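Participant: dropping the sequence and predicted coords here.
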Amino acid sequence: MDSTPAVKRAGETGVRVGVRTRSLAADRLRFVRQLGATDLFVDHADVEEEPDEFNDQDGDATLAVGRDSIPTVAELEAARARVEEAGLRLTGIQSLPYSLYGDIMFDRDGADEALDRITTLVRNLGEAGVPILGYQWNPRGVVPMRTTPVDLRGGAVGTAFDLDEIDDPDGLAPGIDRAYTEAEFWENYERFLETVLPVAEEAGVRLALHPVDPPVLESLGGIPRLFRNVENFERAMDLVPSENHGLKLCLGCFSQMGEDVTEVLRRFGERDQIVFVHFRDVVGTMPKFHETFVDEGNFDTPEAIRTLQDVGFDGVVIPDHVPEMEGDDDWRHRARGFTVGYLRGVVDAVRSER
């Protein structure tokens, strides 16, 4: 096995290609290493919220993160050692599950306890040397994220969204007692930042905010869609300024918004606010779009990589929401492998231009 540290294999551009995975099983890590990826983000083990494969074929194959499961420093260090043994780097937790931040978002009775759990997680990540915690302000599983899937080239399957397929976008989502206002949500979000960011700064952990997905409407199911546009992201970054706060910049989401993706990369990259990148694309824009292969879609992939290099981005791009290809498993290993290989080729090509 190549034991060269992942960071030394990254190349001169500073752009590295990683993956997100719930499973830390040995065969999964070997496969990721064989693809040439360098960095790994762990998905929390909330099967209902993230329905990708949950492979727990041996005792240390997952890292549970949820309301009743905050990994200890020892558990995080063990996961990090397991990943590093495979020649990879454990770069972060992909995202907080809704079960951890939902009470804060809606200012429910459990908000204080949820903040305690999240700050404990941040401290543990810092002590274990895991530098990034992704999060979103989007109640997954409460409002529809996707509707009827579509066929792509060769019969591959891509996820899609069509607002016309939502029966009652103005009605309340299940479990929501009333319609909430944007002002309430901004206030609750500011409380989250004021509590968590000082802990992140002390721990040396960067928080990375993901866009709302899909970025349609100001409200859906009675729930404000705060992070649906560039302006609201700038507001989020300025609300409680911190070098430990930035974006989990999902190119697919900004593509869905109809934004010029390279301009978004430049806008936040020049402010050093891109923590890591979800590299995916769609065809169409809100209120109707579908996801596709990384070599197709609304924006130009090589130009996006060039822009990341131009702004001095030193971090990880990871495939996200890949299509389902013939013979894929639930993690969609074939489509993920294709995407990793394609992105590595583009990164190398852009590097050779310079």
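Facilitator: Now that the structure is in, tell me what you want to look at.

Participant: which elements pack onto the helix or strand hosting residue 262?
Facilitator: Assigned by DSSP states H and E, residue 262 falls within helix 261-269. If contacts are counted by 3 or more C-beta pairs under 8 Å, 6 or more residues apart in numbering; DSSP states H and E, helix 261-269 sits against helix 230-239, strand 245-250, helix 251-256, helix 301-310. Bear in mind the C-beta positions are built from the backbone N, C-alpha and C, glycine included.

Participant: adding distance to residue 38, write these out as a markdown table.
Facilitator: Listed next are the helices and strands packed on helix 261-269 as a markdown table, based on distance: least, C-beta to C-beta, whole Å:
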| stretch | distance to residue 38 |
| --- | --- |
| helix 230-239 | 27 |
| strand 245-250 | 18 |
| helix 251-256 | 19 |
| helix 301-310 | 15 |
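
Participant: which of these sits closest to residue 291?
Facilitator: helix 251-256 (6.6 Å; C-beta to C-beta).

Participant: and the closest one, what does it pack onto?
Facilitator: Using 3+ C-beta pairs under 8 Å, 6+ apart, helix 251-256 sits against helix 261-269, strand 274-279, strand 282-285, strand 288-291.

Participant: point out the most buried one among the ones you listed.
Facilitator: strand 274-279 (a mean of 26; mean count of other C-beta atoms under 10 Å).

Participant: pLDDT of that one, averaged?
Facilitator: Strand 274-279 shows a mean pLDDT of 98.

Participant: could you shift the numbering so residue one becomes 106, and keep it that way?
Facilitator: Yes, from this point I'll number from 106; that puts the last item at strand 379-384.

Participant: other SSEs contacting it?
Facilitator: strand 237-241, strand 311-315, strand 350-355, helix 356-361, helix 406-415, strand 420-424.

Participant: in CSV, list those along with distance to residue 216.
Facilitator: Converted to CSV, the helices and strands packed on strand 379-384 look like this (distance: least, C-beta to C-beta, whole Å):
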stretch, distance to residue 216
strand 237-241, 15
strand 311-315, 18
strand 350-355, 20
helix 356-361, 26
helix 406-415, 36
strand 420-424, 30
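
Participant: could you dump these to TSV with mean neighbour count?
Facilitator: Formatted as TSV, those follow (neighbours: other C-beta atoms under 10 Å):
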stretch	mean neighbour count
strand 237-241	23
strand 311-315	24
strand 350-355	25
helix 356-361	26
helix 406-415	19
strand 420-424	25
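
Participant: let me have the ones you listed in CSV, extended by mean pLDDT and distance to residue 171.
Facilitator: Shown next, in CSV, are the helices and strands packed on strand 379-384 (pLDDT from 0 to 100; distance: least, C-beta to C-beta, whole Å):
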stretch, mean pLDDT, distance to residue 171
strand 237-241, 96, 13
strand 311-315, 98, 18
strand 350-355, 98, 19
helix 356-361, 96, 24
helix 406-415, 97, 32
strand 420-424, 97, 22
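
Participant: coming back round to it: looking at the helices and strands packed on helix 366-374, which is closest to residue 286?
Facilitator: With C-beta to C-beta as the yardstick, what comes closest out of the helices and strands packed on helix 366-374 is helix 335-344 (14.5 Å).
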